[in-house]
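Participant: Return a 3D structure for these sequence lines:
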Amino acid sequence: MATTTEKADAKTGMTQNVEAYLKGRFSEAQKRFQGLEGEANKAFRALETRSQVAAKEVQALWTKVQAGELRADPRVQELTKKVDEAGVELRKRLDGLQTKVVEAVGVASQSQVQQITQELGRLSKKLDVLLKPTRRAHASTKNSGGAASSPRA
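Facilitator: Below you'll find the model as predicted:
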């Protein structure tokens, strides 16, 4: 029976050794975790401070934009000029492209429709002038002294 007692003692010793080893490793891991947590808190506070500074800068710029102070800056004026020039160039290109597409499709462009409308208006006025004497003559022969208005063409 001495051997079973020795085996039991050996198992107990090993269990205690494993337990002590695991406790040691666990306490080391806790210390490392606490260190990492402290570093993370420091980094978070630093980022929070930086974000507050950036927010103040953005607010200051926004105030300047609303007040129109940045428009006096030569760099902003130069950029504004470049943007305007690019916009004009883009409009020209789009107009050219639109003209090519309209020609390819065979549909009248807006300017052509406008010209046709003006021409129709002019011709309609001429037609009204030419038809007024005949309308009056027909109205007087058809209406026997009535005060009816002349019909429109």
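Participant: so how far is the strand or helix carrying Asp128 off the chain centroid?
Facilitator: Per DSSP states H and E: Asp128 is located in helix 110-142. When distances are taken as CA atoms, centre = their mean, to the nearest Å, helix 110-142 is centred 50 Å away from the chain's centroid.
Participant: try stretch 5-22
Facilitator: Distance, centroid of stretch 5-22 to centroid of chain: 69 Å (CA atoms, centre = their mean).
Participant: same deal with stretch 58-71?
Facilitator: Worked out by CA atoms, centre = their mean, stretch 58-71 lies 21 Å from the chain centre.
Participant: Let me see the ranges of the helices in this protein.
Facilitator: 2-67, 74-105, 110-142 (DSSP state H).
Participant: Mean neighbour count and mean pLDDT for these - can I get that in a markdown table?
Facilitator: For glycine as for every other residue, the C-beta is placed from the backbone atoms N, C-alpha and C. What follows is these, written out as a markdown table (neighbours: other CB atoms under 10 Å; pLDDT from 0 to 100):
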| stretch | mean neighbour count | mean pLDDT |
| --- | --- | --- |
| helix 2-67 | 10 | 85 |
| helix 74-105 | 10 | 89 |
| helix 110-142 | 11 | 84 |
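Participant: related to what we said a few turns ago, so which other helices or strands are in contact with the helix holding Asp128?
Facilitator: Applying 3 or more CB pairs under 8 Å, 6 or more residues apart in numbering; DSSP states H and E, one finds that helix 110-142 contacts no other helix or strand.
Participant: could you give the angle of that helix to helix 74-105?
Facilitator: Comparing the axes of helix 110-142 and helix 74-105 via axes from the mean of the first three to the mean of the last three CA atoms, to 10 degrees yields an angle of 60 degrees.
Participant: and the gap between Gly106 and Thr99?
Facilitator: Using CB to CB, to the nearest Å, Gly106 is found at 13 Å from Thr99.
Participant: try Glu6
Facilitator: Per CB to CB, Glu6 is found 104 Å from Thr99.
Participant: One more: Leu47?
Facilitator: From Leu47 over to Thr99 (counting by CB to CB), the distance is 55 Å.
Participant: Can I get stretch 42-50 as CSV, trimmed to CA atoms?
Facilitator: The C-alpha trace of stretch 42-50 is given here as CSV (Å, rounded to 0.1, in the frame of the first residue of the first chain):
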residue,chain,number,x,y,z
LYS,A,42,-3.5,56.8,-22.2
ALA,A,43,-3.9,56.4,-26.0
PHE,A,44,-7.6,56.9,-25.7
ARG,A,45,-7.2,60.1,-23.7
ALA,A,46,-4.6,61.4,-26.2
LEU,A,47,-6.9,60.7,-29.1
GLU,A,48,-9.8,62.4,-27.3
THR,A,49,-7.6,65.5,-26.7
ARG,A,50,-6.6,65.5,-30.3
